[in-house]
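S.K.: For reference, the sequence and a predicted model appear below.
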Amino acid sequence: MICFYNTEQKCICKQVRYAMPQLSLDLAQFTGNLPNKPYCTDDLQFGLQVRPKHLALLKRYIQPNHPYYTYFFVFDLDYPTAYIDYFYSMVGIPTPNLIVENPENGHAHYIYQLKTPIYQTNASNDKPIKYGNAVYLALRTALNADINYSGLITKNAVHQDWRTNVLREQPYTLDELSESLDLTTGQINKQIKIDEAVGLGRNCCLFHTVRHWAYVEIRKYRAKTFNQWLESVIDHCLSVNAQFTTPMQYNEVKGVAKSIARWVWKKDGYAYQEFIDRQTRKGALGASKGGKARSTQYEAKRRQAVRLQAKGKGHTEIAKKLGVTRMTVSRWLKKV
């Protein structure tokens, strides 16, 4: 245990540890907002697994946020006094909902829960994403948290190996978090560059970088299919994503790529109209060929069914002989 001493050189670590009132350790809000099939592991050195939530919650580390939306801001304070420093040196900083501490070395994850998640699938509406990114960066600076932490995996707050401190039960709005962070309009609306993009900012940066490329590139796909266009957009998104200091997961990149591909495809009138016309021609051709072929194929069998009925054969026997259903035979003979 890390000990701190007052001016009289008396250890006060226990006083600090237990003087803070602990709220109910009801972590339903944490577990309830986790992805249904999160990444998880007991040992980060052996890689991650995807498991159903009820199994993932048995692991030491778990994925807090869904690829398409953010419910939690998670920060890694990678030093021995990470928990105790909140009460001593972090004056004016918003209270974390959870501090999940490693009791062996004092390192901790600070977790802030959002009242309304920040959705990242529709990156064209980037105001909440930019706002969230600005709040995240300001909090990270205020906490002096690890800038290389990606946020993909966090200490599982309900696992017995960690010491979980519930300091606030109410989720935050972005406005509530930003009140004490002195954010300026310039910080919130700042254009995010590739080499500066982290956290939520990567979604904005990826979307805007690739969409400008897509407005021109779509011209090469006006005589091709949407799937060919989508593959091209995904490939370009992956190449941009690789330039981030901490790249996003494939599913996140694919979600942004789909949003761009659909938007640009529909907005490019020529490509979209070509697609509609091609589908219409295929439908008409298929109906024409298929209808005529089926009509010719079954006409001979219809005539044969009539002859067999005239010879006194029953519907079941006729159907078996012609290789069709009894209902089909009945329908044919009703028209006679």
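M.R.: Nice, I can see it.
S.K.: so how many other residues sit close to residue 211?
M.R.: Residue 211 is flanked by 18 other residues according to other Cβ atoms under 10 Å. Where C-beta positions appear, they are placed from N, C-alpha and C, glycine not excepted.
S.K.: Setting the sequence-adjacent residues aside, check what's closest to it.
M.R.: residue 260 (5.3 Å; Cβ to Cβ, 6 or more residues apart in numbering).
S.K.: what residues are up against that neighbour?
M.R.: Residue 260 is in contact with 123, 207, 210-211, 214, 233, 237, counting by Cβ atoms under 8 Å, 6 or more residues apart in numbering.
S.K.: So among these, where is pLDDT lowest?
M.R.: The pLDDT minimum for the contacts of residue 260 sits at residue 123, where the score is 50.
S.K.: Can you show me the helices along the protein?
M.R.: Here the chain has its helices, by DSSP state H, at 13-19, 28-32, 53-56, 85-88, 127-143, 174-178, 185-189, 201-217, 226-241, 250-267, 269-310, 315-322, 326-334.
S.K.: mind putting those helices in TSV, distance to residue 67 included?
M.R.: As requested, the helices of the chain are exported to TSV (distance: least, Cβ to Cβ, whole Å):
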stretch	distance to residue 67
helix 13-19	37
helix 28-32	18
helix 53-56	15
helix 85-88	30
helix 127-143	14
helix 174-178	20
helix 185-189	24
helix 201-217	10
helix 226-241	13
helix 250-267	4
helix 269-310	28
helix 315-322	53
helix 326-334	48
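S.K.: Tell me which of those helices sits nearest to residue 64.
M.R.: Closest to residue 64 of those is helix 28-32 (Cβ to Cβ; 8.2 Å).
S.K.: any idea how far the residue nearest to residue 211 is from residue 98?
M.R.: 35 Å (Cβ to Cβ, to the nearest Å).
S.K.: Then residue 216?
M.R.: In terms of Cβ to Cβ, residue 216 sits 46 Å off from residue 98.
S.K.: Those two: who's more crowded?
M.R.: Taking other Cβ under 10 Å, residue 216 and residue 98 do not tie; residue 98 has more neighbours (26 against 9).
S.K.: isn't that one right up against residue 167?
M.R.: Yes: using Cβ atoms under 8 Å, residue 98 is in contact with residue 167, at 7.1 Å.
S.K.: In stretch 329-336, which residues are buried?
M.R.: Buried residues in stretch 329-336, counted by 16 or more other Cβ atoms under 10 Å: 329, 332.
S.K.: Same question for stretch 101-112.
M.R.: In terms of neighbour count (16+ other Cβ under 10 Å), stretch 101-112 has its buried residues at 101-102, 106-112.
S.K.: Which two of the residues you listed have the greatest separation?
M.R.: With Cβ to Cβ as the measure, no two of the buried residues of stretch 101-112 lie farther apart than 106 and 112, at 20.1 Å.
S.K.: quick one: low-confidence parts of the stretch 1-150 of the chain?
M.R.: Along the stretch 1-150 of the chain, the parts satisfying pLDDT under 70 run over 1-26, 121-125.
S.K.: So which residues of it form strands?
M.R.: Ranges of strands in the stretch 1-150 of the chain, per DSSP state E, counting those that start in this stretch, are 39-41, 49-50, 61-62, 69-77, 98-101, 108-119.
S.K.: quick one: which of those is nearest residue 129?
M.R.: From those, taking Cβ to Cβ, the stretch that ends up closest is strand 108-119, at 6.1 Å.
S.K.: Against which helices or strands is that closest one packed?
M.R.: If you count contacts as 3 or more Cβ pairs under 8 Å, 6 or more residues apart in numbering; DSSP states H and E, strand 108-119 packs onto helix 28-32, strand 69-77, strand 98-101, helix 127-143, strand 154-155, helix 174-178.
S.K.: what pairs with residue 49 across the strands?
M.R.: Beta-bridge pairing for residue 49 (DSSP bridges): residue 40.
S.K.: hang on, it packs against residue 38?
M.R.: No: Residue 49 is beyond contact range of residue 38, at 9.6 Å (criterion: Cβ under 8 Å).
S.K.: And these two? Which one has more around it.
M.R.: residue 38 (25 against 13).
S.K.: so the more buried one makes contact with residue 63?
M.R.: Yes: the criterion here is Cβ under 8 Å, and residue 38 meets it with residue 63 at 3.7 Å.
S.K.: Identify the contacts common to the two.
M.R.: residue 56.
S.K.: returning to what we had before: which among the strands of the stretch 1-150 of the chain is found nearest to residue 332?
M.R.: strand 49-50 (53.7 Å).
S.K.: and that closest one, what does it pack onto?
M.R.: Secondary elements touching strand 49-50 (3+ Cβ pairs under 8 Å, 6+ apart): strand 39-41.
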